[in-house]
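>>> Predicted structure and sequence below. I'll ask about it afterward.
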Amino acid sequence: MTFPTPDARARRGRYYIGIMSGTSLDGVDAVQVEIDDARQLRLIAHAHQAYPAALRDELLALNQPGENEIHRAETAALQIAQSYAQAVAAVLYLSESDASDIAAIGAHGQTVRHRPDIGYTVQLNAPALLAELTGIPVVADFRRRDIAAGGQGAPLVPAFHAALFQADHPRALLNLGGIGNLTLLRPGADPVGFDTGPGNMLLDLWCQRHTGQPYDAGGAWAASGQCQDAWLAYLLESEPWLRLPPPKSTGRDLFSASWLDSRLAAAGNASAADIQATLTQLTISTVLEALARHAPDTEELIVCGGGARNLHLLGSLTRQAPCSVSASDAYGVDPQHMEAMAFAWLAWAHHHGIAAGLPSVTGARHRSILGAWHPA
């Protein structure tokens, strides 16, 4: 039997593919990037693969305890790998590349449980199947090593943000996916990052429930309502997690439909649009409170993730923030490409033995090389 030599990984191509399917459950974003010897990153191609409705519904259901969970979770993981493989095929087609051109795929998986407080996290994925389907090595399971070292295992992207956006003045990056998270960048210092609370998650939930639409396009529905200040104050005061200091992370385990439903009675006679407007302000308020408490010297806030396309939210945030606010495309990175690019970069970091798990972000005891390698 012949075993690969230690440098076998280095003989593949110079490109990396990153795949992200976040808590919003709208589908899969995949990018192909080139990272050169100077560690400069260039986007080559992007593709989006929507989740089938049945898979999306099952993933939502798997965020809560239910019958026959192990079988259902494993079956869903296989379907996720199929969706990932389709997204990879689309990216390769758009870039006119072959599998042999790709050094590795970074695939996050779909989070259905995140409990760093008791030492575990679950991202549904089938990386061995993805490697088999694509013929490309896969780096996956990025969170567990950091949690094993006592960290939160999240957020994962601040090291990538620092690689792209470190400047000679205080900056912050706000990722607005299902959950909001901040990366705080200070000259000469390691990045700090933490979750701030709900991003799009509750907004999407409420919109789907009352309009049948997957999300509030541009925030138009929220803009038609009025923020209910008393109920907003109640939402902020009634959730202890919001007052926890960093490091901290969260997800659907906490900010779920039941979390919202248990607080609706306090909204009184507010209309559905008023609820949406208030939930939008909840996202904004949690971000601004986190900045005021932990980074009051921030000079600019760069917004990425799907929430950057919510024009009502972004405009309201811009008016209320004490610093300049802009979407990341002002810096040459499409907001909806950012997280997938981060996982391409994390695959590159794993491949090159770079520790992207940072104690300054997660509270871990030491830096860690994140992810597990699945050869093709």
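Structure's in. What do you need?
>>> Only C-alpha atoms from now on, for both contacts and neighbour counts.
OK.
>>> Break down this protein into its strands, ranges please.
Using DSSP state E, the strands of the chain run over residues 15-20, 27-35, 41-50, 102-107, 110-115, 120-124, 138-140, 171-176, 179-185, 192-198, 300-304, 324-327, 372-374.
>>> What segments of the stretch 201-350 of the chain are helices?
Ranges of helices in the stretch 201-350 of the chain, per DSSP state H, counting those that start in this stretch, are 201-211, 220-223, 229-238, 257-261, 272-294, 311-320, 338-351.
>>> mean confidence for the longest one?
To tie it back to what came earlier, the one meant is helix 272-294. Averaging pLDDT along helix 272-294 yields 98.
>>> Please work out the angle formed by the directions of it and strand 179-185.
On the basis of axes from the mean of the first three to the mean of the last three Cα atoms, to 10 degrees, helix 272-294 is oriented at 30 degrees to strand 179-185.
>>> now the longest helix that the chain contains against strand 15-20, angle please.
Counting residues, the longest helix found in the chain (DSSP state H) is helix 69-95. If you take the same axes, to 10 degrees, helix 69-95 sits at 140 degrees to strand 15-20.
>>> relative to strand 102-107, how tilted is helix 69-95?
Going by the same axes, to 10 degrees, helix 69-95 makes 140 degrees with strand 102-107.
>>> list the buried ones in helix 69-95?
Across helix 69-95, burial judged by 16 or more other Cα atoms under 10 Å covers 73, 76-92.
>>> Switch the strands of the chain over to JSON lines; also include mean pLDDT.
Shown next, in JSON lines, are these (pLDDT from 0 to 100):
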{"stretch": "strand 15-20", "mean pLDDT": "97"}
{"stretch": "strand 27-35", "mean pLDDT": "95"}
{"stretch": "strand 41-50", "mean pLDDT": "95"}
{"stretch": "strand 102-107", "mean pLDDT": "98"}
{"stretch": "strand 110-115", "mean pLDDT": "93"}
{"stretch": "strand 120-124", "mean pLDDT": "96"}
{"stretch": "strand 138-140", "mean pLDDT": "98"}
{"stretch": "strand 171-176", "mean pLDDT": "97"}
{"stretch": "strand 179-185", "mean pLDDT": "97"}
{"stretch": "strand 192-198", "mean pLDDT": "97"}
{"stretch": "strand 300-304", "mean pLDDT": "98"}
{"stretch": "strand 324-327", "mean pLDDT": "98"}
{"stretch": "strand 372-374", "mean pLDDT": "98"}
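>>> Let's have the ones you listed in TSV, adding distance to Ala277 and mean neighbour count.
Output for the strands of the chain, formatted as TSV (distance: least, Cα to Cα, whole Å; neighbours: other Cα atoms under 10 Å):
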stretch	distance to Ala277	mean neighbour count
strand 15-20	28	28
strand 27-35	25	24
strand 41-50	27	18
strand 102-107	34	28
strand 110-115	27	20
strand 120-124	31	19
strand 138-140	37	28
strand 171-176	16	26
strand 179-185	17	26
strand 192-198	14	27
strand 300-304	20	22
strand 324-327	20	18
strand 372-374	42	19
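>>> can you put these in a markdown table and add distance to Asn63?
Putting these into a markdown table (distance: least, Cα to Cα, whole Å) gives the following:
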| stretch | distance to Asn63 |
| --- | --- |
| strand 15-20 | 18 |
| strand 27-35 | 16 |
| strand 41-50 | 19 |
| strand 102-107 | 19 |
| strand 110-115 | 5 |
| strand 120-124 | 10 |
| strand 138-140 | 20 |
| strand 171-176 | 20 |
| strand 179-185 | 14 |
| strand 192-198 | 16 |
| strand 300-304 | 25 |
| strand 324-327 | 30 |
| strand 372-374 | 24 |
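>>> For Pro359, which of those strands is the nearest?
For Pro359, the closest of the strands of the chain is strand 192-198, at 8.7 Å, according to Cα to Cα.
>>> what lines up beside the closest one in the sheet?
Note on strand 192-198: by DSSP bridges, its sheet partners are strand 179-185 (antiparallel).
>>> sorry, back to before: could the helices of the stretch 201-350 of the chain go into TSV alongside mean neighbour count and distance to Leu244?
Formatted as TSV, the helices of the stretch 201-350 of the chain follow (neighbours: other Cα atoms under 10 Å; distance: least, Cα to Cα, whole Å):
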stretch	mean neighbour count	distance to Leu244
helix 201-211	19	20
helix 220-223	20	28
helix 229-238	15	12
helix 257-261	13	18
helix 272-294	21	10
helix 311-320	17	22
helix 338-351	26	25
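>>> In TSV: the ones you listed, plus distance to Glu34.
Below are the helices of the stretch 201-350 of the chain laid out as TSV (distance: least, Cα to Cα, whole Å):
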stretch	distance to Glu34
helix 201-211	32
helix 220-223	37
helix 229-238	42
helix 257-261	40
helix 272-294	32
helix 311-320	30
helix 338-351	9
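>>> To Ala45, which of those lies closest?
Ala45 lies closest, by Cα to Cα, to one member of the helices of the stretch 201-350 of the chain: helix 338-351, at 10.5 Å.
>>> Can you check what angle separates the closest one from strand 15-20?
Using the same axes, to 10 degrees: helix 338-351 against strand 15-20 is 130 degrees.
>>> Quick one, which of the helices of the stretch 201-350 of the chain gets closest to Tyr120.
When the helices of the stretch 201-350 of the chain are ranked by proximity to Tyr120 (Cα to Cα), helix 338-351 comes first, at 20.3 Å.
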